[in-house]
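Chemist: everything below, folded, please.
(chains A and B)
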Amino acid sequence: MPQFEQVSVFSSLIFWSLISFGLLLFLLKKYAFPPILEMLEAREKKIRGDIDGAEELKKQAEEMKKEFEKQLATAREKAETIIHLAHEDAKKQTEKSLADTQAKVKQMQREAEHEITSSRNKLLAEIRSYTATLTIASTEKILNRTIEENDKKRLVDESIEEVIKELEKTHASS
Amino acid sequence: MESPLHHFELHPIIHLSIGGLDLSINKAVIAMWIGMAIVFGLFMLVVRGGLSMVPGKIQSIAEISLEFIKGMVKEFIGDEGMKYFNFVGSLFFFMVCCNLIGLIPGSYTITSQLVVTGAFAICIFIMTLVIGFSKHGGHFFSILVPPGVPKLMIPFMVPIEVISMIARPISLSVRLFANMTAGHTVLAVLFGLAMSAPVWLGWLPFGFTVIINGLEMAIALIQAYIFTTLTCVYIGDVIKLH
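Modeler: Numbering: from 1, shown residues only, chains lettered A, B, ... in the order given. Here you go, the predicted structure:
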């Protein structure tokens, strides 16, 4: 086996392999490993920091959510109270306006009835007085004169005229 | 037919001798340098390309591999582990590049040389002893006595523990060397068969070389991982003392 027989190369192999390893160790230690290890550490730190930050933010967000929910619940409660009050108010107002209207209507009805009654009474009184006047006038004419057929119309017309005059007089005086 | 072990032979490319010591540069050394250059080049590509918070593909690979080593170091050595990160990381990438570069035909796997794996294993062994003594002083010898052993058993346990300690660098080095050698030998045998057989039969061993090559890639990574993990375990042992 050459590995055991070629004794002459042993010294060179041992020497160069150890020296070369030493050189590689030096080069890697000086130029290669530190920046990569630093980068690994920096990334680890960054990730850790990011995770911590994210957790902190999450916590804050949860607190804010809770706060918002609380506020929302309060607002909802307030809104319900407001709606309820408004509802009550509206109901009261409706009832009040209904009562007012009903009272007004009743009042108007009463007034109308009163007016109608007084007008009727007035009219009846007027009619009664005119009828009496007419009757008196007609009776006067019938009693005083022999009524000719031609005069009948004229007499009635005269009576009517007199009544009208009487009415006008009454109106003028009132 | 050429011996399947023939390709493990090394011949000097650049003759070099310092103080009577033959330090000629051969194919294995050059292959190792190319592998190292690729590893370092890839890392530089990542670093010089500008590291970003959102990593690209190549940065992700570099980060994953370093995270992997970080995890290994922390798991086996403990809280003090990051002190040895550079060493363990470099060892892993060195082993990976040496193991993988050898899979390119015509290249060479320097880890298939027992002297190389042995040299690393012995260095690691010595390093663990140094760490152990510097950390625990004389108390370090308690590593030879497993906890909870009756006093009567101590004279028997100490030699066993000494043997197991010495076996560590041996097993560490032989495992890697044997795996690499065996894999390359199997590939060489299958390829030799494919070359020497007629075409109508040769496709079969050739097909196997393709499959075994894939397997060897996995083995190259796994063995580098095992070598590094065991190094961490040994360092962890001397730090924690059981």
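
Chemist: count of neighbours near residue A:27?
Modeler: 17 (other C-beta atoms under 10 Å in any protein chain shown). Using the backbone N, CA and C atoms, a C-beta is placed for each residue, glycine as well.

Chemist: mind checking how far the spatially closest residue to it that is not a sequence neighbour is from residue B:59?
Modeler: Excluding its sequence neighbours, the residue lying closest to residue A:27 (C-beta to C-beta, 6 or more residues apart in numbering or on different chains) is residue B:40, at 5.5 Å. Residue B:40 sits 16 Å away from residue B:59, going by C-beta to C-beta, to the nearest Å.

Chemist: rewinding a little: what is the burial count for the residue nearest to residue A:27?
Modeler: Using other C-beta under 10 Å, residue B:40 has 18 neighbouring residues.

Chemist: surely it is in contact with residue A:32?
Modeler: Yes: with contacts defined as C-beta atoms under 8 Å, residue B:40 counts as touching residue A:32 at a distance of 7.0 Å.

Chemist: any idea which element residue B:229 lies in?
Modeler: helix B:199-240 (DSSP states H and E).

Chemist: do residue A:80 as well
Modeler: Per DSSP H and E: helix A:33-144 holds residue A:80.

Chemist: helices or strands next to that helix in the packing?
Modeler: Secondary-structure packing of helix A:33-144 (3 or more C-beta pairs under 8 Å, 6 or more residues apart in numbering or on different chains; DSSP states H and E): helix A:149-173, helix B:27-48, helix B:57-76, helix B:85-101.

Chemist: rank the ones you listed by pLDDT, which is bottom?
Modeler: When these are ranked by mean pLDDT, helix A:149-173 comes last with a mean of 76.

Chemist: for that one, packing partners?
Modeler: helix A:33-144.

Chemist: next, the angle from the helix it packs on to helix B:57-76.
Modeler: Counting by axes from the mean of the first three to the mean of the last three C-alpha atoms, to 10 degrees, helix A:33-144 points 110 degrees away from the direction of helix B:57-76.

Chemist: quick one, helix A:33-144 and helix B:85-101 angle?
Modeler: Orientation of helix A:33-144 against helix B:85-101 (the same axes, to 10 degrees) gives an angle of 100 degrees.

Chemist: next, the angle from helix A:33-144 to helix A:149-173.
Modeler: 130 degrees.

Chemist: Serialize the helices and strands packed on helix A:33-144 to JSON lines and add fields for distance to residue A:128.
Modeler: Listed next are the helices and strands packed on helix A:33-144 as JSON lines, based on distance: least, C-beta to C-beta, whole Å:
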{"stretch": "helix A:149-173", "distance to residue A:128": "13"}
{"stretch": "helix B:27-48", "distance to residue A:128": "132"}
{"stretch": "helix B:57-76", "distance to residue A:128": "126"}
{"stretch": "helix B:85-101", "distance to residue A:128": "138"}
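
Chemist: gap between residue B:65 and residue B:88?
Modeler: For residue B:65 relative to residue B:88 (C-beta to C-beta), the value is 12 Å.

Chemist: ditto for residue A:164
Modeler: 144 Å.

Chemist: higher neighbour count, these two?
Modeler: residue B:88 (23 against 11).

Chemist: quick one, what contacts the more buried one?
Modeler: By C-beta atoms under 8 Å, 6 or more residues apart in numbering or on different chains, the contact set of residue B:88 is B:69, B:72-73, B:228, B:231-232, B:235.

Chemist: who wins for neighbours among those residues?
Modeler: residue B:231 (28 neighbours).

Chemist: and the pLDDT for that residue?
Modeler: At residue B:231, pLDDT is 95.

Chemist: so what does the closest residue to it other than its chain neighbours look like in phi/psi?
Modeler: In this structure, residue B:231 finds its nearest non-sequential neighbour in residue B:124, 5.3 Å apart by C-beta to C-beta, 6+ apart. Dihedral pair for residue B:124: phi -60, psi -40, per degrees, to the nearest 10.
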